[in-house]
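# Give me a 3D structure for the following:
(3 chains)
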Amino acid sequence: MTDYERIARVLRHLDGSRRARSEAGAPPQGDRPAALDIQKLISGWAAIAPEDFLQYLTIEYSKECLRRGASSLGAAQVPAPSDPIRRGSLLLDLQAASTAELRSGGEGQTIRAGWAASPFGRCLVAESDRGVCWLAFADSETGRAEWGALRRAWPGVRLLRDDSRAGELGRRIFGPSRRIPSRPPLQAWARGTEFQARVWRRLLDVPPGARISYGHLAAAVGQPEAARAVGGAVGRNPLAYLVPCHRVVCEDGRAGGYRWGTVRKRAMLVWESRGAGFRS
DNA sequence: TTGTGGCCCGACG
DNA sequence: CGTCGGGCCACAA
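Numbering: from 1, shown residues only, chains lettered A, B, ... in the order given. You can find the predicted model right below:
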């Protein structure tokens, strides 16, 4: 079992015990690991203290992130980082695929795709001549479904297996990411509609550790009533994590849905919150 | 706390 | 065109 799988189990356990408490039923039991093991697990996985782990998961903490973001002109703000190495602060140059490229299904292009490890489970990473074009988490053993989805998205391309390149990209994307100014941004190339591309690009301005609500993101792309449409757009993001759709949460502080599971979304939020410069 | 109506966009006829 | 459903949201009781 990977560390992420153990973390996911802890999150599910917390959900379960919260539900049990509210139903006034029996105290939770079952496969809860010993407290000391959890402590080691959390610090090994995210280098944070267990009490911070819990803190970053609360509704109140999320609301505080939203307040701080909203207080300055609706733009999402960094919660003053106490730590120069912010996780996930990768520069991304996001291009939308042209209509011609969409029509042809990527005819004439080559895509190299393979599996990479990440703090959130293994993922399928793909790169074309135009840049990274796919990042999807896999929960199944085989990953057949993920390959199928990639193939359906780009039926016309030559698709090659390249785990070594995928691994390199994975390390760059999830590795310790001190932002190196001289390093050029990572090229990315996404298939999507005009509206989706607008939403995704705006999302790139939401820094790690910050959170934005669906409604505010809608306002930020100039359509304040389109919160629901924004939900649809972020849900169809082909570049999981790179385009940080996990930083979009509900107005009331709950995490909201996630294409790869709400547990994974919350794990990402916690992982990125390390060193955030405030407590609620 | 749950329900309900309405917002917008994209998918499918 | 017309309909329908969503990773939502505000508003009711």
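# Name the nearest residue to A:Ala8, ignoring sequence neighbours.
Using CB to CB, 6 or more residues apart in numbering and skipping the chain neighbours, the partner closest in space to A:Ala8 is A:Val263 (5.0 Å). Quick note: C-beta positions are derived from backbone N, CA and C, even for glycine.
# actually A:Trp200, not the one I wrote
Per CB to CB, 6+ apart, closest to A:Trp200 is A:Val243, 4.6 Å.
# can you check A:Trp45 too?
Nearest to A:Trp45 is A:Asp3, by CB to CB, 6+ apart, at 4.6 Å.
# how close does the one you found get to A:Ala47?
12 Å (CB to CB, to the nearest Å).
# and the two? which has more neighbours close in?
The residue with more neighbours, out of A:Asp3 and A:Ala47, is A:Asp3; 14 against 11, by other CB atoms under 10 Å.
# centroid residue for chain A?
Nearest to the mean C-alpha position of chain A, by CA atoms, centre = their mean, lies A:Tyr241 at 3.2 Å.
# how much space between it and DNA strand B?
21 Å (CB to the nearest atom of the strand, to the nearest Å).
# again, but for A:Leu169
Taking CB to the nearest atom of the strand, one finds A:Leu169 at 26 Å from DNA strand B.
# Validate this expectation: that residue resides in a strand.
No: A:Leu169: not assigned to a strand; according to DSSP: H, G, I helix; E, B strand; the rest coil it is helix.
# Can you point out the buried residues in the top helix by length along chain A?
In chain A, taking DSSP state H as the definition, the longest helix is helix A:3-22. Within helix A:3-22, the residues that qualify as buried are A:4, A:6-11, A:13-14, counting by 16 or more other CB atoms under 10 Å.
# quick one, the helix or strand just after it and helix A:3-22 angle?
Using DSSP states H and E, the helix or strand that follows helix A:3-22 in sequence is helix A:35-46. Per axes from the mean of the first three to the mean of the last three CA atoms, to 10 degrees, the angle that helix A:35-46 makes with helix A:3-22 is 130 degrees.
# Identify all contacting residues around the helix or strand just after helix A:35-46.
Helices and strands here follow DSSP H and E; after helix A:35-46, the next one along the chain is helix A:50-56. With contacts defined as CB atoms under 8 Å, 6 or more residues apart in numbering, helix A:50-56 is touched by A:38-39, A:42-43, A:46, A:48, A:61, A:269-270, A:273-274, A:276, A:279-280.
# buried residues in helix A:50-56?
A:52-53, A:55-56.
# avg pLDDT for it?
Across helix A:50-56, pLDDT averages out at 94.
# Now that helix - C-alpha only, CSV.
What follows is helix A:50-56, C-alpha atoms only, in CSV (Å, rounded to 0.1, in the frame of the first residue of the first chain):
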residue,chain,number,x,y,z
PRO,A,50,-1.0,16.0,12.6
GLU,A,51,-2.8,19.0,14.2
ASP,A,52,-2.2,21.1,11.1
PHE,A,53,-3.5,18.2,8.9
LEU,A,54,-6.8,18.3,10.8
GLN,A,55,-6.9,22.1,10.8
TYR,A,56,-6.5,22.3,7.0
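# And the helix or strand following it, what's buried?
The element immediately downstream of helix A:50-56 (helix or strand, assigned by DSSP H and E) is helix A:59-70. Within helix A:59-70, the residues that count as buried by 16+ other CB under 10 Å are A:61-66, A:68-70.
# Between those, which sits nearest DNA strand C?
DNA strand C lies nearest to A:Leu66 out of these, by CB to the nearest atom of the strand, at 9.3 Å.
# I'd say that closest one and A:Tyr214 touch.
No: shown here, A:Leu66 and A:Tyr214 do not form a contact pair, counting by CB atoms under 8 Å, at 10.9 Å.
# Need the residues touching each of the two.
Jointly contacting A:Leu66 and A:Tyr214 under the rule CB under 8 Å, 6+ apart are A:249, A:251.
# three-state assignment of A:Gly156?
Looking at A:Gly156 with three-state DSSP, the answer is coil.
# Tell me the spacing between A:Ala116 and DNA strand B.
27 Å.
# what's the answer for A:Trp200, then?
To DNA strand B, A:Trp200 is 11 Å away according to CB to the nearest atom of the strand.
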